[in-house]
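**Student:** Everything below, folded, please.
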Amino acid sequence: ADDPVPRMGPIRRIIHHVKKKLSERRNRRWKSRKSSTTKTTKDHWRLVFRQTVPYFFSADEWSKNPTDPESDNFAILDQLEDFRVNGALYFRQSWPTLGEEDQIWKQTSNPVTSTDGSVTGYEPISIASTGQFWGGLQYNGNQALLDGSSVDNSSNWWYSIGSHQIYAGGMPGPPGTIVDLVELWVSTIEVTATTTTTTTFIAAPPPQSPEGGTWQLVFRQTVPQFYAPGELSKNENADPNSVSDFSILDQLDSFNVDGVFYFLLRWPGSGEADQIWRQTSNPVTTVDGSVTGY
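**Tutor:** Numbers count the residues shown, from 1 in each chain. Model prediction:
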């Protein structure tokens, strides 16, 4: 197999998550931020497909659980024409568990109905991977419903959508990478590179902790913002999904679970895997720099 395409994109945000069994009060406070729309809409993006291993789609299975976008396996690909914007389809392919940047592009051909495998009107908007003949989504009709190895109508099927069969324990994602989850979104408005810079950080929810709790965003920093010494709180009353810089680090003690903090450190867009760990010391109040219970 070819080597994976080099990961691209600068580190622009530092996101620090912690785990807590939320009280009823905090559940009410954050209810609107944890609603189903967080998972199935990203501003103007509408979820049209999700596949989770070990499920594999059948040939021509363009619709699955069409009224339940929260399902692990979901498709309304038969409705793609409803999402045309000035003659084009604006797509966003995402691998939420992988840590790779999303692929965002436009094309005028509908990959479901263009059964000759052709792609027309392709224009990249924010593309991290171009290997293995990437050129927009095409009709597959063999190993999957659709795939992105479309340049010269290649027979490869990386960037798979609707895999029919297992491949190396999962599904073909970006070149040389096997995934267990893939999503496809379509925009309801025209998308440009400027548009994506304000929306790409609103990603699928962070992964569940190994013990199955809830992850709560407590910190985000986006250059050119730099925090002042002792600035532990910033935009604390704002919806975290609506601001580029956010901090409630002064509230860390309220997220302590049976004497332990569960942290998740993420650099969106870097391609790096998340750091997930536990420790007993609160890094905000342990001013001697020591770490205990790691």
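**Student:** what are the ranges of the helices in the stretch 101-250 of the chain?
**Tutor:** Using DSSP state H, counting those that start in this stretch, the helices assigned to the stretch 101-250 of the chain run over residues 193-197.
**Student:** Tell me where it has strands.
**Tutor:** Assigned by DSSP state E, counting those that start in this stretch, the stretch 101-250 of the chain shows strands spanning 103-107, 123-126, 134-139, 144-149, 161-163, 171-172, 178-179, 181-187, 215-222, 233-234, 246-248.
**Student:** want to throw the ones you listed into TSV with mean pLDDT, distance to R92 and mean neighbour count?
**Tutor:** In short, each C-beta sits where N, CA and C put it, glycine included. Listed next are the strands of the stretch 101-250 of the chain as TSV, based on pLDDT from 0 to 100; distance: least, C-beta to C-beta, whole Å; neighbours: other C-beta atoms under 10 Å:
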stretch	mean pLDDT	distance to R92	mean neighbour count
strand 103-107	96	5	23
strand 123-126	95	9	16
strand 134-139	96	11	25
strand 144-149	96	12	26
strand 161-163	98	12	26
strand 171-172	96	18	27
strand 178-179	94	15	19
strand 181-187	97	4	23
strand 215-222	90	20	20
strand 233-234	92	29	16
strand 246-248	93	23	21
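**Student:** Just put the ones you listed in a markdown table and tack on distance to P240.
**Tutor:** Below are the strands of the stretch 101-250 of the chain laid out as a markdown table (distance: least, C-beta to C-beta, whole Å):
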| stretch | distance to P240 |
| --- | --- |
| strand 103-107 | 22 |
| strand 123-126 | 22 |
| strand 134-139 | 32 |
| strand 144-149 | 32 |
| strand 161-163 | 30 |
| strand 171-172 | 31 |
| strand 178-179 | 27 |
| strand 181-187 | 20 |
| strand 215-222 | 5 |
| strand 233-234 | 11 |
| strand 246-248 | 5 |
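**Student:** Which one of the ones you listed lies nearest to Q279?
**Tutor:** Taking C-beta to C-beta as the criterion, strand 215-222 is the member of these that comes nearest to Q279, at 14.4 Å.
**Student:** By mean pLDDT, flag the weakest helix or strand of the chain.
**Tutor:** helix 24-30 (a mean of 32; mean pLDDT, DSSP states H and E).
**Student:** count of neighbours near D116?
**Tutor:** D116 has 9 neighbouring residues, counting by other C-beta atoms under 10 Å.
**Student:** wait, which of the strands of the stretch 101-250 of the chain is closest to F263?
**Tutor:** By C-beta to C-beta (comparing all of the strands of the stretch 101-250 of the chain), the closest turns out to be strand 215-222, at 9.1 Å.
**Student:** check contacts around F56.
**Tutor:** Neighbour list for F56: 163-166 [criterion: C-beta atoms under 8 Å, 6 or more residues apart in numbering].
**Student:** switch to 10 Å and redo it
**Tutor:** Residues counted as contacts of F56 (C-beta atoms under 10 Å, 6 or more residues apart in numbering) are 73, 144, 162-167, 171.
**Student:** From G169, how far off is it?
**Tutor:** From F56 over to G169 the distance is 13 Å, taken as C-beta to C-beta, to the nearest Å.
**Student:** next one: Q279
**Tutor:** Distance from Q279 to G169, by C-beta to C-beta: 33 Å.
**Student:** More neighbours: the two, which one.
**Tutor:** The residue with more neighbours, out of Q279 and G169, is Q279; 15 against 9, by other C-beta under 10 Å.
**Student:** That one contacts V260, correct?
**Tutor:** Yes - under the criterion of C-beta atoms under 10 Å, Q279 makes contact with V260 at 7.3 Å.
**Student:** what touches both of these two?
**Tutor:** Jointly contacting Q279 and V260 under the rule C-beta under 10 Å, 6+ apart are G293.
**Student:** any idea whether L80 is helix, strand or coil?
**Tutor:** Following DSSP: H, G, I helix; E, B strand; the rest coil, we place L80 in the helix state.
**Student:** Next: R278.
**Tutor:** strand.
**Student:** measure it to T97 for me?
**Tutor:** 20 Å.
**Student:** what would the contacts of F56 look like in CSV with distance to L47?
**Tutor:** Below are the contacts of F56 laid out as CSV (distance: C-beta to C-beta, whole Å):
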residue, distance to L47
N73, 12
A144, 18
G162, 14
S163, 18
H164, 21
Q165, 24
I166, 24
Y167, 23
M171, 17
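**Student:** which one of those sits closest to V151?
**Tutor:** For these, the nearest to V151 is A144 (16.8 Å; C-beta to C-beta).
**Student:** Report the secondary structure state of L47.
**Tutor:** L47 is classified as strand under three-state DSSP.
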